[in-house]
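K.L.:
What shape does this take:
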Amino acid sequence: MSFEHLKRYEIRDRTAEMTLDVINGSPVLILAPFTEQNRPLLAEILRMNKSSARTTLFNEKDIDKTTAYHKELCAKYVLRGWRNVFDSKGASVLFSEEAAAEFLEALPNWLFTQIRLFAMESSNFIDTEGEQELLGN
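P.N.:
As a prediction, the model looks like this:
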């Protein structure tokens with residue numbers, strides 16, 4: 001008996017694309033998981049928090065401060081690339097960690113929350129292509 005087929009659900013080294021249709025040009029963000037599967041992210045959260053990731057991730061006392069912290073983490077550990085990102089003058093912006101930090105900082109918190117929620121949903125990183133063939137259907 002073998003369950004090797006379940007390894008395809010590992011998301012540790014995967015990325016997923018999210019299109020921000022509400023922004024002109026429909027930027028496409030290439031994201032890594034914003035979960036414990038993203039080991040560098042988890043290490044940073046635990047290092048900064050010194051207790052548990054949950055305390056930092058869901059601090060209700062200071063939502064704006066927590067969101068700003070999440071934007072920093074996202075720029076460094078989650079946002080891996082992009083397409084169709086333009087500055088205020090309409091010039092295409094090449095991806096870099098610095099540009100990502102500026103982009104995320106400029107986003108309204110509600111829009112960043114959409115990115116964060118997408119990246120926290122593990123199923124967005126699972127490759128379901130060929131699933132039916134695997135099951136013999």
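K.L.:
residue ranges of the strands in this protein, please?
P.N.:
Using DSSP state E, the strands of the chain run over 16-19, 28-31, 79-83.
K.L.:
mind putting those in a markdown table, mean neighbour count and mean pLDDT included?
P.N.:
Where you see a C-beta, it was placed from the backbone N, CA and C, and this is true even at glycine. Shown next, in a markdown table, are the strands of the chain (neighbours: other Cβ atoms under 10 Å; pLDDT from 0 to 100):
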| stretch | mean neighbour count | mean pLDDT |
| --- | --- | --- |
| strand 16-19 | 16 | 96 |
| strand 28-31 | 20 | 98 |
| strand 79-83 | 18 | 98 |
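K.L.:
Just send the ones you listed back as a markdown table, with distance to residue 122 too.
P.N.:
What follows is the strands of the chain, written out as a markdown table (distance: least, Cβ to Cβ, whole Å):
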| stretch | distance to residue 122 |
| --- | --- |
| strand 16-19 | 10 |
| strand 28-31 | 12 |
| strand 79-83 | 16 |
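K.L.:
out of those, which comes closest to residue 93?
P.N.:
Across the strands of the chain, residue 93 has its closest neighbour in strand 79-83 (8.0 Å, Cβ to Cβ).
K.L.:
strands paired with the closest one, and their directions?
P.N.:
The strands beside strand 79-83 in its sheet (DSSP bridges) come out as strand 28-31 (antiparallel).
K.L.:
I'd like to check what contacts the strand it pairs with. Which residues are they?
P.N.:
15-20, 78-84, 115, 118-119 (Cβ atoms under 8 Å, 6 or more residues apart in numbering).
K.L.:
now for the strands of the chain, which one comes closest to residue 40?
P.N.:
Closest to residue 40 of the strands of the chain is strand 79-83 (Cβ to Cβ; 11.5 Å).
K.L.:
so where is the protein shaky, pLDDT-wise?
P.N.:
Scanning the chain for pLDDT under 70 picks out the ranges 50-61, 128-137.
K.L.:
That's all I had, so thanks and see you.
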